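K.L.:
quick check, what structure comes out for this input:
(2 chains)
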Amino acid sequence: MTGLKRKDILGLKDMSTEEMDLILHTAETMKDIMKRPIKKLPTLRGKSFVTLFYENSTRTAKSFEIAGKYLSADVTGIAIASSSVAKGETLKDTARNLEVMGIDAVVMRHPAGGAPHFLAERLKCSVINAGDGMHEHPTQGLLDMMTIREKKGSFKGLKVAIVGDIFHSRVARSNVYGLAKYGADIWLAGPSTMLPQGFEDMGVHVTTRVEEAMEGADVVNVLRLQLERQEKGLFPSVPEYHKFWGVNPARLKLAKTDALLMHPGPMNRGVEISTAVADGDQSVILEQVTNGVAVRMAILYLLLGGGDAA
Amino acid sequence: MTDPKATLMDPEMMNRALSRIAHEIIERNKGVETVALVGIRRRGIPLAERLAAKLKEFEGKQVPVGTLDITLYRDDLTELHSVPQVHRSEVNFKLPGTVVILVDDVVYTGRTVRAALDALLDIGRPAAIQLAVLVDRGHRELPIRPDYVGKNVPTSKREVVEVHLNEVDGSDFVALYDLP
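P.N.:
Take a look at the predicted model:
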(Lines give C-alpha, C1' and ligand atoms only; values in the text may rest on other atoms or scores of the structure.)
Protein backbone atom coordinates (compact mmCIF):
# COMPACT_ATOMS: atom_id res chain seq x y z
CA MET A 1 0.00 0.00 0.00
CA THR A 2 1.54 3.22 -1.08
CA GLY A 3 -1.18 5.87 -1.24
CA LEU A 4 -0.55 9.45 -0.28
CA LYS A 5 -0.62 9.83 3.48
CA ARG A 6 -2.60 13.03 3.31
CA LYS A 7 -6.14 14.28 2.90
CA ASP A 8 -5.42 17.40 0.87
CA ILE A 9 -3.12 18.69 -1.85
CA LEU A 10 -2.41 22.29 -0.92
CA GLY A 11 1.09 22.97 -2.20
CA LEU A 12 4.47 21.52 -3.04
CA LYS A 13 6.26 23.37 -0.26
CA ASP A 14 5.42 20.66 2.27
CA MET A 15 5.43 17.71 -0.15
CA SER A 16 8.23 15.13 -0.03
CA THR A 17 10.07 13.83 -3.08
CA GLU A 18 8.60 10.37 -2.29
CA GLU A 19 5.10 11.78 -2.61
CA MET A 20 5.94 13.68 -5.80
CA ASP A 21 7.59 10.55 -7.25
CA LEU A 22 4.43 8.56 -6.51
CA ILE A 23 2.21 11.16 -8.19
CA LEU A 24 4.48 11.44 -11.24
CA HIS A 25 4.81 7.66 -11.58
CA THR A 26 1.04 7.21 -11.34
CA ALA A 27 0.53 10.01 -13.86
CA GLU A 28 2.62 8.14 -16.45
CA THR A 29 0.18 5.23 -16.27
CA MET A 30 -2.74 7.63 -16.55
CA LYS A 31 -1.19 9.16 -19.66
CA ASP A 32 -1.11 5.69 -21.27
CA ILE A 33 -4.82 5.42 -20.61
CA MET A 34 -5.48 8.79 -22.27
CA LYS A 35 -4.03 7.38 -25.49
CA ARG A 36 -6.48 4.48 -25.61
CA PRO A 37 -9.56 4.37 -27.81
CA ILE A 38 -11.66 3.85 -24.66
CA LYS A 39 -10.62 6.49 -22.17
CA LYS A 40 -12.65 5.32 -19.22
CA LEU A 41 -11.73 3.57 -16.01
CA PRO A 42 -14.18 2.36 -13.37
CA THR A 43 -11.78 3.33 -10.59
CA LEU A 44 -13.64 6.26 -8.99
CA ARG A 45 -17.18 5.09 -9.71
CA GLY A 46 -19.44 6.45 -7.00
CA LYS A 47 -16.98 9.18 -5.96
CA SER A 48 -17.77 12.81 -6.57
CA PHE A 49 -16.08 16.17 -6.41
CA VAL A 50 -16.86 19.78 -7.23
CA THR A 51 -14.73 22.35 -8.95
CA LEU A 52 -15.18 25.64 -7.15
CA PHE A 53 -13.42 28.41 -9.06
CA TYR A 54 -13.49 31.93 -7.66
CA GLU A 55 -11.26 33.05 -10.54
CA ASN A 56 -11.49 32.46 -14.27
CA SER A 57 -9.96 29.33 -15.73
CA THR A 58 -10.33 27.19 -18.80
CA ARG A 59 -7.44 24.81 -18.61
CA THR A 60 -7.28 23.90 -14.95
CA ALA A 61 -11.03 23.62 -14.30
CA LYS A 62 -11.70 21.60 -17.46
CA SER A 63 -8.57 19.52 -16.92
CA PHE A 64 -9.84 18.45 -13.48
CA GLU A 65 -13.30 17.75 -14.90
CA ILE A 66 -11.92 15.64 -17.74
CA ALA A 67 -9.56 13.80 -15.38
CA GLY A 68 -12.48 13.00 -13.10
CA LYS A 69 -14.63 11.79 -15.99
CA TYR A 70 -11.91 9.47 -17.32
CA LEU A 71 -11.88 7.85 -13.87
CA SER A 72 -15.73 7.64 -13.67
CA ALA A 73 -16.05 10.15 -10.82
CA ASP A 74 -19.07 12.44 -10.83
CA VAL A 75 -17.92 15.99 -11.37
CA THR A 76 -19.90 19.13 -10.74
CA GLY A 77 -18.60 22.49 -11.84
CA ILE A 78 -19.78 25.52 -9.93
CA ALA A 79 -19.85 28.86 -11.68
CA ILE A 80 -19.31 31.42 -8.97
CA ALA A 81 -21.06 34.23 -10.83
CA SER A 82 -24.38 32.34 -10.92
CA SER A 83 -24.07 30.80 -7.44
CA SER A 84 -25.05 31.92 -3.96
CA VAL A 85 -21.58 33.38 -3.56
CA ALA A 86 -22.96 36.25 -5.60
CA LYS A 87 -25.56 36.66 -2.81
CA GLY A 88 -22.83 37.02 -0.22
CA GLU A 89 -22.44 33.48 1.08
CA THR A 90 -19.09 32.91 2.82
CA LEU A 91 -16.53 30.44 1.51
CA LYS A 92 -16.94 28.28 4.60
CA ASP A 93 -20.71 28.10 4.27
CA THR A 94 -20.54 27.34 0.56
CA ALA A 95 -18.06 24.52 1.09
CA ARG A 96 -19.87 23.05 4.10
CA ASN A 97 -23.10 22.95 2.15
CA LEU A 98 -21.36 21.13 -0.67
CA GLU A 99 -19.79 18.70 1.77
CA VAL A 100 -23.10 17.66 3.32
CA MET A 101 -24.34 16.82 -0.16
CA GLY A 102 -21.86 13.95 0.07
CA ILE A 103 -18.96 15.04 -2.10
CA ASP A 104 -15.52 13.51 -1.60
CA ALA A 105 -13.39 16.48 -2.63
CA VAL A 106 -13.42 20.18 -3.40
CA VAL A 107 -11.10 21.44 -6.11
CA MET A 108 -10.77 25.15 -5.49
CA ARG A 109 -9.21 28.19 -7.06
CA HIS A 110 -9.35 31.35 -4.99
CA PRO A 111 -7.82 34.82 -5.25
CA ALA A 112 -6.70 34.73 -1.61
CA GLY A 113 -3.55 32.84 -0.71
CA GLY A 114 -4.29 30.28 2.02
CA ALA A 115 -8.01 29.93 1.22
CA PRO A 116 -7.69 26.17 0.48
CA HIS A 117 -5.74 25.68 3.73
CA PHE A 118 -8.57 27.43 5.58
CA LEU A 119 -11.08 25.04 4.01
CA ALA A 120 -8.92 21.95 4.50
CA GLU A 121 -8.94 22.52 8.25
CA ARG A 122 -12.71 22.82 8.32
CA LEU A 123 -13.84 20.06 5.94
CA LYS A 124 -13.65 16.30 6.33
CA CYS A 125 -13.43 15.82 2.57
CA SER A 126 -10.29 16.37 0.51
CA VAL A 127 -9.34 19.83 -0.67
CA ILE A 128 -7.23 20.23 -3.80
CA ASN A 129 -5.68 23.61 -4.43
CA ALA A 130 -6.12 24.65 -8.05
CA GLY A 131 -4.35 27.95 -7.43
CA ASP A 132 -4.60 30.28 -4.44
CA GLY A 133 -3.76 33.93 -5.03
CA MET A 134 -0.04 34.50 -5.38
CA HIS A 135 0.78 31.45 -3.29
CA GLU A 136 0.79 28.00 -4.94
CA HIS A 137 -0.59 26.02 -7.87
CA PRO A 138 0.60 22.52 -7.01
CA THR A 139 -0.95 20.59 -9.90
CA GLN A 140 0.64 23.02 -12.38
CA GLY A 141 3.99 22.55 -10.64
CA LEU A 142 3.62 18.77 -10.90
CA LEU A 143 2.58 18.80 -14.56
CA ASP A 144 5.55 21.03 -15.37
CA MET A 145 7.80 18.59 -13.52
CA MET A 146 6.25 15.63 -15.34
CA THR A 147 6.91 17.34 -18.68
CA ILE A 148 10.53 18.09 -17.75
CA ARG A 149 11.20 14.59 -16.45
CA GLU A 150 9.65 12.96 -19.52
CA LYS A 151 11.98 14.89 -21.82
CA LYS A 152 15.09 15.20 -19.66
CA GLY A 153 15.01 12.07 -17.52
CA SER A 154 15.65 13.76 -14.18
CA PHE A 155 15.90 17.16 -12.50
CA LYS A 156 19.29 17.00 -10.82
CA GLY A 157 21.57 19.77 -12.10
CA LEU A 158 19.17 20.93 -14.83
CA LYS A 159 19.27 24.66 -15.39
CA VAL A 160 15.66 25.82 -15.25
CA ALA A 161 14.96 29.46 -16.13
CA ILE A 162 11.61 30.81 -14.95
CA VAL A 163 11.04 34.08 -16.71
CA GLY A 164 8.56 36.92 -16.24
CA ASP A 165 6.22 38.12 -13.55
CA ILE A 166 7.58 36.03 -10.68
CA PHE A 167 5.99 38.17 -7.98
CA HIS A 168 2.37 37.42 -8.87
CA SER A 169 3.05 33.86 -9.96
CA ARG A 170 1.82 30.87 -7.97
CA VAL A 171 3.11 28.75 -10.85
CA ALA A 172 6.64 29.98 -10.21
CA ARG A 173 6.39 29.27 -6.49
CA SER A 174 5.14 25.71 -6.93
CA ASN A 175 7.81 25.05 -9.57
CA VAL A 176 10.55 26.36 -7.28
CA TYR A 177 9.36 24.38 -4.25
CA GLY A 178 9.12 21.18 -6.29
CA LEU A 179 12.23 21.45 -8.43
CA ALA A 180 14.50 22.69 -5.62
CA LYS A 181 13.88 19.46 -3.69
CA TYR A 182 15.31 17.51 -6.63
CA GLY A 183 18.42 19.63 -6.91
CA ALA A 184 17.59 21.62 -10.06
CA ASP A 185 19.59 24.79 -10.75
CA ILE A 186 16.78 27.34 -10.72
CA TRP A 187 17.03 30.85 -12.16
CA LEU A 188 14.29 33.45 -11.78
CA ALA A 189 14.34 36.46 -14.10
CA GLY A 190 12.03 39.43 -14.53
CA PRO A 191 11.70 43.16 -13.93
CA SER A 192 13.05 44.09 -10.48
CA THR A 193 9.55 45.21 -9.46
CA MET A 194 8.33 41.66 -10.08
CA LEU A 195 11.09 39.74 -8.30
CA PRO A 196 10.07 38.83 -4.75
CA GLN A 197 12.52 38.63 -1.86
CA GLY A 198 13.50 35.41 -0.15
CA PHE A 199 14.10 32.98 -2.98
CA GLU A 200 17.90 33.37 -2.71
CA ASP A 201 17.71 31.63 0.67
CA MET A 202 16.56 28.46 -1.13
CA GLY A 203 19.64 28.49 -3.35
CA VAL A 204 17.72 29.97 -6.26
CA HIS A 205 19.42 32.51 -8.53
CA VAL A 206 17.51 35.75 -9.07
CA THR A 207 18.35 38.22 -11.83
CA THR A 208 16.78 41.11 -13.72
CA ARG A 209 18.55 40.02 -16.91
CA VAL A 210 16.57 37.42 -18.85
CA GLU A 211 19.69 36.67 -20.91
CA GLU A 212 21.64 35.62 -17.83
CA ALA A 213 18.92 33.21 -16.73
CA MET A 214 18.46 31.73 -20.21
CA GLU A 215 22.15 31.26 -21.03
CA GLY A 216 22.72 27.50 -21.34
CA ALA A 217 19.33 26.66 -19.82
CA ASP A 218 17.81 23.19 -20.21
CA VAL A 219 14.30 24.46 -19.55
CA VAL A 220 12.75 27.89 -20.10
CA ASN A 221 9.42 28.33 -18.36
CA VAL A 222 7.78 31.58 -19.45
CA LEU A 223 5.21 33.05 -17.09
CA ARG A 224 2.10 34.89 -18.13
CA LEU A 225 2.13 38.60 -17.49
CA GLN A 226 -0.88 38.78 -15.19
CA LEU A 227 -2.42 41.89 -16.62
CA GLU A 228 -5.39 41.56 -14.26
CA ARG A 229 -3.16 41.69 -11.19
CA GLN A 230 -0.94 44.63 -12.11
CA GLU A 231 -0.82 47.65 -9.92
CA LYS A 232 0.49 50.79 -11.50
CA GLY A 233 4.11 51.23 -12.34
CA LEU A 234 5.57 47.71 -12.09
CA PHE A 235 6.73 48.01 -15.70
CA PRO A 236 6.63 50.94 -18.12
CA SER A 237 4.42 49.51 -20.87
CA VAL A 238 3.48 46.24 -22.54
CA PRO A 239 5.70 46.88 -25.62
CA GLU A 240 8.61 47.68 -23.35
CA TYR A 241 7.99 44.57 -21.29
CA HIS A 242 8.16 42.52 -24.47
CA LYS A 243 11.36 44.26 -25.54
CA PHE A 244 13.24 43.68 -22.28
CA TRP A 245 11.74 40.51 -20.81
CA GLY A 246 9.77 38.81 -23.58
CA VAL A 247 11.05 35.45 -24.82
CA ASN A 248 11.74 35.73 -28.55
CA PRO A 249 13.78 33.56 -30.95
CA ALA A 250 16.99 35.54 -30.32
CA ARG A 251 16.77 35.04 -26.55
CA LEU A 252 15.77 31.38 -26.88
CA LYS A 253 19.00 30.81 -28.86
CA LEU A 254 20.92 31.53 -25.63
CA ALA A 255 19.48 28.36 -24.11
CA LYS A 256 20.69 24.89 -25.06
CA THR A 257 19.65 23.77 -28.54
CA ASP A 258 17.46 21.05 -27.00
CA ALA A 259 16.01 23.29 -24.29
CA LEU A 260 12.32 22.92 -23.55
CA LEU A 261 10.10 25.97 -23.92
CA MET A 262 7.20 25.93 -21.48
CA HIS A 263 4.30 28.22 -20.63
CA PRO A 264 1.44 27.52 -18.19
CA GLY A 265 -1.12 29.35 -20.36
CA PRO A 266 -3.08 31.31 -21.24
CA MET A 267 -0.46 33.00 -23.39
CA ASN A 268 -0.26 36.71 -24.12
CA ARG A 269 1.34 36.35 -27.53
CA GLY A 270 3.63 39.22 -28.31
CA VAL A 271 3.95 40.15 -24.63
CA GLU A 272 5.85 37.59 -22.54
CA ILE A 273 6.30 35.21 -25.46
CA SER A 274 6.59 35.74 -29.20
CA THR A 275 4.47 33.66 -31.55
CA ALA A 276 7.53 32.21 -33.29
CA VAL A 277 8.73 30.78 -29.97
CA ALA A 278 5.30 29.66 -28.74
CA ASP A 279 4.70 27.63 -31.91
CA GLY A 280 8.34 26.63 -32.45
CA ASP A 281 9.99 23.21 -32.37
CA GLN A 282 11.13 23.54 -28.77
CA SER A 283 7.67 24.34 -27.44
CA VAL A 284 6.11 21.66 -25.22
CA ILE A 285 3.21 23.88 -24.21
CA LEU A 286 0.49 21.54 -25.48
CA GLU A 287 2.27 18.52 -24.00
CA GLN A 288 2.00 20.31 -20.65
CA VAL A 289 -1.77 20.46 -21.08
CA THR A 290 -1.96 16.70 -21.78
CA ASN A 291 0.23 15.99 -18.78
CA GLY A 292 -2.05 18.21 -16.70
CA VAL A 293 -4.93 15.78 -17.17
CA ALA A 294 -2.65 12.82 -16.34
CA VAL A 295 -1.34 14.47 -13.15
CA ARG A 296 -4.87 15.34 -12.02
CA MET A 297 -6.06 11.77 -12.71
CA ALA A 298 -3.17 10.54 -10.57
CA ILE A 299 -4.00 12.91 -7.72
CA LEU A 300 -7.70 12.09 -7.82
CA TYR A 301 -6.91 8.37 -7.75
CA LEU A 302 -4.40 8.70 -4.93
CA LEU A 303 -6.67 10.91 -2.79
CA LEU A 304 -10.10 9.44 -3.53
CA GLY A 305 -9.30 5.86 -4.54
CA GLY A 306 -9.17 4.34 -1.08
CA GLY A 307 -12.01 3.68 1.32
CA ASP A 308 -11.69 6.31 4.04
CA ALA A 309 -9.48 8.67 2.13
CA ALA A 310 -11.17 11.62 3.73
CA MET B 1 5.36 -15.25 7.24
CA THR B 2 5.93 -18.42 9.24
CA ASP B 3 7.37 -21.66 7.87
CA PRO B 4 5.28 -23.35 5.19
CA LYS B 5 2.91 -26.17 6.20
CA ALA B 6 3.65 -27.98 2.99
CA THR B 7 5.57 -27.54 -0.22
CA LEU B 8 3.09 -27.99 -3.04
CA MET B 9 5.45 -27.78 -6.02
CA ASP B 10 9.21 -27.93 -6.43
CA PRO B 11 11.10 -26.44 -9.42
CA GLU B 12 10.82 -29.62 -11.50
CA MET B 13 7.08 -29.90 -10.91
CA MET B 14 6.60 -26.26 -11.84
CA ASN B 15 8.60 -26.70 -15.02
CA ARG B 16 6.71 -29.84 -16.02
CA ALA B 17 3.37 -28.17 -15.33
CA LEU B 18 4.31 -25.21 -17.53
CA SER B 19 5.47 -27.57 -20.30
CA ARG B 20 2.15 -29.39 -20.17
CA ILE B 21 0.21 -26.10 -20.23
CA ALA B 22 2.23 -24.99 -23.26
CA HIS B 23 1.34 -28.22 -25.06
CA GLU B 24 -2.33 -27.80 -24.12
CA ILE B 25 -2.29 -24.24 -25.47
CA ILE B 26 -0.86 -25.48 -28.78
CA GLU B 27 -3.34 -28.34 -29.00
CA ARG B 28 -6.40 -26.29 -28.16
CA ASN B 29 -5.51 -23.40 -30.46
CA LYS B 30 -4.16 -25.64 -33.26
CA GLY B 31 -0.78 -23.97 -33.09
CA VAL B 32 0.15 -20.51 -31.84
CA GLU B 33 -0.38 -18.37 -34.95
CA THR B 34 -3.10 -16.26 -33.36
CA VAL B 35 -2.04 -16.66 -29.73
CA ALA B 36 -0.68 -13.94 -27.44
CA LEU B 37 0.09 -14.13 -23.72
CA VAL B 38 -0.74 -11.43 -21.19
CA GLY B 39 0.71 -11.74 -17.70
CA ILE B 40 -1.17 -10.26 -14.77
CA ARG B 41 1.16 -8.22 -12.58
CA ARG B 42 3.12 -9.29 -10.89
CA ARG B 43 3.94 -13.01 -10.89
CA GLY B 44 1.84 -13.63 -13.97
CA ILE B 45 4.41 -11.71 -16.01
CA PRO B 46 7.42 -14.04 -15.55
CA LEU B 47 5.09 -17.02 -15.91
CA ALA B 48 3.83 -15.63 -19.25
CA GLU B 49 7.43 -15.19 -20.37
CA ARG B 50 8.29 -18.77 -19.40
CA LEU B 51 5.27 -20.06 -21.29
CA ALA B 52 6.25 -17.98 -24.34
CA ALA B 53 9.74 -19.52 -24.24
CA LYS B 54 8.22 -23.00 -24.18
CA LEU B 55 5.84 -22.20 -27.05
CA LYS B 56 8.84 -21.02 -29.03
CA GLU B 57 10.73 -24.20 -28.19
CA PHE B 58 7.81 -26.42 -29.25
CA GLU B 59 6.42 -24.45 -32.21
CA GLY B 60 9.36 -22.28 -33.29
CA LYS B 61 7.42 -19.06 -33.05
CA GLN B 62 7.78 -16.16 -30.59
CA VAL B 63 4.28 -15.16 -29.47
CA PRO B 64 3.65 -11.59 -28.29
CA VAL B 65 3.74 -11.12 -24.50
CA GLY B 66 1.97 -8.26 -22.75
CA THR B 67 1.52 -7.15 -19.16
CA LEU B 68 -1.61 -6.08 -17.36
CA ASP B 69 -1.91 -4.04 -14.16
CA ILE B 70 -5.41 -4.49 -12.77
CA THR B 71 -5.19 -2.00 -9.87
CA LEU B 72 -7.54 0.57 -11.39
CA TYR B 73 -10.15 -2.15 -12.01
CA ARG B 74 -10.18 -3.72 -8.54
CA ASP B 75 -13.60 -3.99 -6.89
CA ASP B 76 -12.21 -3.62 -3.38
CA LEU B 77 -10.53 -0.21 -3.66
CA THR B 78 -13.07 1.39 -1.36
CA GLU B 79 -12.31 -1.25 1.28
CA LEU B 80 -8.62 -0.38 1.38
CA HIS B 81 -7.20 2.25 3.69
CA SER B 82 -4.67 3.40 1.18
CA VAL B 83 -4.62 2.83 -2.54
CA PRO B 84 -2.12 0.47 -4.16
CA GLN B 85 0.52 1.79 -6.52
CA VAL B 86 -0.52 1.74 -10.16
CA HIS B 87 1.84 0.38 -12.79
CA ARG B 88 1.74 0.53 -16.56
CA SER B 89 -0.03 -2.06 -18.64
CA GLU B 90 1.76 -2.89 -21.86
CA VAL B 91 -0.18 -4.61 -24.60
CA ASN B 92 1.73 -3.67 -27.74
CA PHE B 93 -0.08 -5.86 -30.23
CA LYS B 94 -3.45 -5.75 -31.98
CA LEU B 95 -6.18 -7.48 -30.00
CA PRO B 96 -8.80 -8.09 -32.73
CA GLY B 97 -8.19 -11.54 -34.24
CA THR B 98 -5.89 -12.54 -31.37
CA VAL B 99 -6.56 -15.22 -28.79
CA VAL B 100 -5.27 -13.75 -25.55
CA ILE B 101 -4.23 -16.13 -22.82
CA LEU B 102 -4.26 -14.38 -19.45
CA VAL B 103 -1.58 -15.80 -17.17
CA ASP B 104 -1.52 -15.58 -13.38
CA ASP B 105 0.13 -17.52 -10.58
CA VAL B 106 -2.92 -18.43 -8.46
CA VAL B 107 -6.66 -18.30 -9.08
CA TYR B 108 -8.69 -18.02 -5.88
CA THR B 109 -11.86 -15.92 -5.64
CA GLY B 110 -11.76 -15.02 -9.33
CA ARG B 111 -11.93 -11.30 -8.63
CA THR B 112 -8.49 -10.56 -10.03
CA VAL B 113 -9.44 -12.35 -13.24
CA ARG B 114 -12.69 -10.37 -13.45
CA ALA B 115 -10.68 -7.15 -13.13
CA ALA B 116 -8.20 -8.38 -15.73
CA LEU B 117 -11.02 -9.17 -18.18
CA ASP B 118 -12.37 -5.63 -17.81
CA ALA B 119 -8.91 -4.10 -18.08
CA LEU B 120 -8.15 -6.08 -21.24
CA LEU B 121 -11.51 -5.37 -22.89
CA ASP B 122 -10.99 -1.64 -22.34
CA ILE B 123 -7.81 -1.88 -24.41
CA GLY B 124 -9.46 -3.74 -27.27
CA ARG B 125 -11.57 -6.67 -28.44
CA PRO B 126 -9.63 -9.92 -28.71
CA ALA B 127 -11.02 -12.87 -30.67
CA ALA B 128 -11.14 -14.86 -27.42
CA ILE B 129 -9.69 -14.82 -23.92
CA GLN B 130 -8.42 -17.94 -22.15
CA LEU B 131 -6.99 -18.27 -18.65
CA ALA B 132 -3.85 -20.11 -17.55
CA VAL B 133 -2.80 -20.41 -13.89
CA LEU B 134 -0.08 -22.30 -12.11
CA VAL B 135 -2.31 -23.09 -9.12
CA ASP B 136 -6.09 -23.31 -8.75
CA ARG B 137 -6.87 -23.24 -5.03
CA GLY B 138 -10.69 -23.18 -5.28
CA HIS B 139 -13.14 -20.92 -3.36
CA ARG B 140 -14.39 -19.02 -6.39
CA GLU B 141 -16.74 -16.10 -5.71
CA LEU B 142 -17.44 -15.46 -9.40
CA PRO B 143 -18.32 -17.79 -12.30
CA ILE B 144 -14.76 -18.03 -13.62
CA ARG B 145 -12.93 -21.24 -14.57
CA PRO B 146 -9.33 -21.48 -15.81
CA ASP B 147 -8.66 -23.20 -19.16
CA TYR B 148 -5.17 -24.37 -18.19
CA VAL B 149 -4.17 -25.35 -14.64
CA GLY B 150 -0.72 -26.38 -13.41
CA LYS B 151 -1.98 -27.93 -10.20
CA ASN B 152 -5.33 -28.10 -8.41
CA VAL B 153 -4.86 -27.64 -4.67
CA PRO B 154 -7.70 -28.09 -2.18
CA THR B 155 -7.26 -25.39 0.47
CA SER B 156 -9.05 -23.84 3.41
CA LYS B 157 -9.81 -20.11 3.45
CA ARG B 158 -7.54 -19.84 6.47
CA GLU B 159 -4.58 -20.84 4.31
CA VAL B 160 -2.42 -18.93 1.86
CA VAL B 161 -0.83 -20.30 -1.30
CA GLU B 162 2.39 -18.56 -2.26
CA VAL B 163 4.11 -18.96 -5.59
CA HIS B 164 7.81 -18.09 -5.47
CA LEU B 165 9.53 -17.40 -8.76
CA ASN B 166 13.21 -17.05 -9.55
CA GLU B 167 12.64 -13.78 -11.41
CA VAL B 168 10.88 -12.12 -8.47
CA ASP B 169 11.82 -14.05 -5.33
CA GLY B 170 15.13 -15.71 -6.17
CA SER B 171 13.88 -19.29 -6.09
CA ASP B 172 11.16 -21.52 -7.56
CA PHE B 173 8.62 -23.27 -5.33
CA VAL B 174 4.94 -23.20 -4.36
CA ALA B 175 4.05 -23.53 -0.68
CA LEU B 176 1.05 -23.55 1.61
CA TYR B 177 0.98 -21.38 4.75
CA ASP B 178 -1.48 -20.75 7.56
CA LEU B 179 -2.84 -17.20 7.68
CA PRO B 180 -1.09 -15.42 10.52
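
K.L.:
could you use CA atoms for every contact and neighbour count after this?
P.N.:
Fine.

K.L.:
which residues of chain B lie near chain A?
P.N.:
Residues of chain B that fall close to chain A, judged by Cα under 8 Å from any Cα of the partner chain: B:72-74, B:77-89, B:122-123.

K.L.:
10 Å instead?
P.N.:
When proximity is defined as Cα under 10 Å from any Cα of the partner chain, chain B approaches chain A at B:69, B:71-90, B:118-119, B:121-124.

K.L.:
can you tell me which of the residues you listed are in helices?
P.N.:
B:118-119, B:121-123 (DSSP state H).

K.L.:
show me which pair in those is furthest apart.
P.N.:
Using Cα to Cα, the pair of those lying farthest apart is B:118 and B:123, separated by 8.9 Å.

K.L.:
what sits in contact with each of those two?
P.N.:
By Cα atoms under 10 Å, 6 or more residues apart in numbering or on different chains, residue B:118 and residue B:123 have no common neighbours.

K.L.:
what's the ChimeraX line that selects buried ones from the residues of chain B next to chain A?
P.N.:
To isolate the buried ones among the residues of chain B next to chain A in ChimeraX, judged by 16 or more other Cα atoms under 10 Å in any protein chain shown, type:
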select /B:69,71,72,73,74,77,78,82,83,84,85,86,87,88,89,90,118,119,122,123
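
K.L.:
not counting sequence-adjacent ones, nearest residue to the residue nearest the centre of chain B?
P.N.:
In chain B, the centroid-proximal residue (Cα atoms, centre = their mean) is residue B:104; its distance is 1.1 Å. Leaving aside its chain neighbours, residue B:104 sits nearest to residue B:44 (3.9 Å; criterion: Cα to Cα, 6 or more residues apart in numbering or on different chains).

K.L.:
so how many other residues sit close to the one you found?
P.N.:
When neighbours are defined as other Cα atoms under 10 Å in any protein chain shown, residue B:44 has 23 of them.

K.L.:
isn't it right next to residue B:67, touching?
P.N.:
Yes - look at residue B:44 against residue B:67 with Cα atoms under 10 Å: they come within range, at 8.3 Å.

K.L.:
need the residues touching each of these two.
P.N.:
Residues touching both residue B:44 and residue B:67 by Cα under 10 Å, 6+ apart: B:37-38, B:102-103.

K.L.:
next one: the closest residue to chain A within chain B from residue B:92, what distance?
P.N.:
Closest contact between chain B and chain A, by Cα to the nearest Cα, is at residue B:78 (3.7 Å). In this view, residue B:78 and residue B:92 are 31 Å apart by Cα to Cα, to the nearest Å.

K.L.:
cool, residue A:139 as well?
P.N.:
To residue B:92, residue A:139 is 30 Å away according to Cα to Cα.

K.L.:
which of the two has more neighbours?
P.N.:
Neighbour count, other Cα under 10 Å: between residue A:139 and residue B:92, residue A:139 has more, with 27 against 10.

K.L.:
give me the mean pLDDT for the host helix or strand of that one.
P.N.:
Secondary structure from DSSP states H and E places residue A:139 in helix A:138-152. What helix A:138-152 shows for mean pLDDT is 98.

K.L.:
what's the following helix or strand after the helix ranked longest in chain B?
P.N.:
Counting residues, the longest helix in chain B under DSSP H turns out to be helix B:11-28. Of the helices and strands lying after helix B:11-28 in sequence (DSSP H and E), the nearest is strand B:35-40.

K.L.:
close to chain B: what parts of chain A are there?
P.N.:
Contact residues, chain A versus chain B (Cα under 10 Å from any Cα): A:1-5, A:22-23, A:25-33, A:36-44, A:46-47, A:71, A:298, A:301-309.

K.L.:
just the buried subset of those residues, please.
P.N.:
For the residues of chain A next to chain B, a burial check counting by 16+ other Cα under 10 Å picks out A:3-4, A:22-23, A:25-31, A:33, A:39-44, A:47, A:71, A:298, A:301-306, A:309.

K.L.:
now render the ones in helices among the residues of chain B next to chain A as a markdown table, adding pLDDT and distance to residue A:112.
P.N.:
As requested, those are exported to a markdown table (pLDDT from 0 to 100; distance: Cα to Cα, whole Å):
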| residue | pLDDT | distance to residue A:112 |
| --- | --- | --- |
| B:118 | 95 | 44 |
| B:119 | 94 | 42 |
| B:121 | 94 | 46 |
| B:122 | 91 | 42 |
| B:123 | 92 | 43 |
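
K.L.:
let me see the contact set for residue A:168.
P.N.:
By Cα under 10 Å, 6+ apart, the contact set of residue A:168 is A:133-135, A:194-196, A:223-226, A:229-230.

K.L.:
local confidence estimate at it?
P.N.:
91.

K.L.:
and it, what are its phi and psi?
P.N.:
Main-chain torsions, residue A:168, degrees, to the nearest 10: phi -90, psi 0.

K.L.:
check residue A:185 too.
P.N.:
Torsion angles at residue A:185 (phi, psi; degrees, to the nearest 10) stand at phi -100, psi 100.

K.L.:
residue A:173 now?
P.N.:
phi -60, psi -50.

K.L.:
for it, which non-adjacent residue is spatially closest?
P.N.:
Once flanking residues are discounted, residue A:173 sits nearest to residue A:136: 5.9 Å by Cα to Cα, 6+ apart.

K.L.:
repeat for residue B:93
P.N.:
Among residues not flanking residue B:93 along the chain, residue B:64 sits closest, at 7.1 Å (Cα to Cα, 6+ apart).

K.L.:
what's the local residue count around that neighbour?
P.N.:
Neighbour tally, residue B:64, other Cα under 10 Å: 18.

K.L.:
now do the one 4 residues further on
P.N.:
For residue B:68, the count of nearby residues is 23 (other Cα under 10 Å).

K.L.:
how about residue B:29?
P.N.:
By the measure other Cα under 10 Å, the count of residues near residue B:29 is 13.

K.L.:
can you pull out the strands in the stretch 151-300 of chain A?
P.N.:
A:159-163, A:185-189, A:205-207, A:219-222, A:260-262 (DSSP state E, counting those that start in this stretch).

K.L.:
output these as TSV; include the columns mean pLDDT and mean neighbour count.
P.N.:
Shown next, in TSV, are those (pLDDT from 0 to 100; neighbours: other Cα atoms under 10 Å in any protein chain shown):
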stretch	mean pLDDT	mean neighbour count
strand A:159-163	98	27
strand A:185-189	97	24
strand A:205-207	96	18
strand A:219-222	98	24
strand A:260-262	98	23
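
K.L.:
redo these as JSON lines? Include distance to residue B:24.
P.N.:
Listed next are the strands of the stretch 151-300 of chain A as JSON lines, based on distance: least, Cα to Cα, whole Å:
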{"stretch": "strand A:159-163", "distance to residue B:24": "57"}
{"stretch": "strand A:185-189", "distance to residue B:24": "59"}
{"stretch": "strand A:205-207", "distance to residue B:24": "66"}
{"stretch": "strand A:219-222", "distance to residue B:24": "55"}
{"stretch": "strand A:260-262", "distance to residue B:24": "53"}
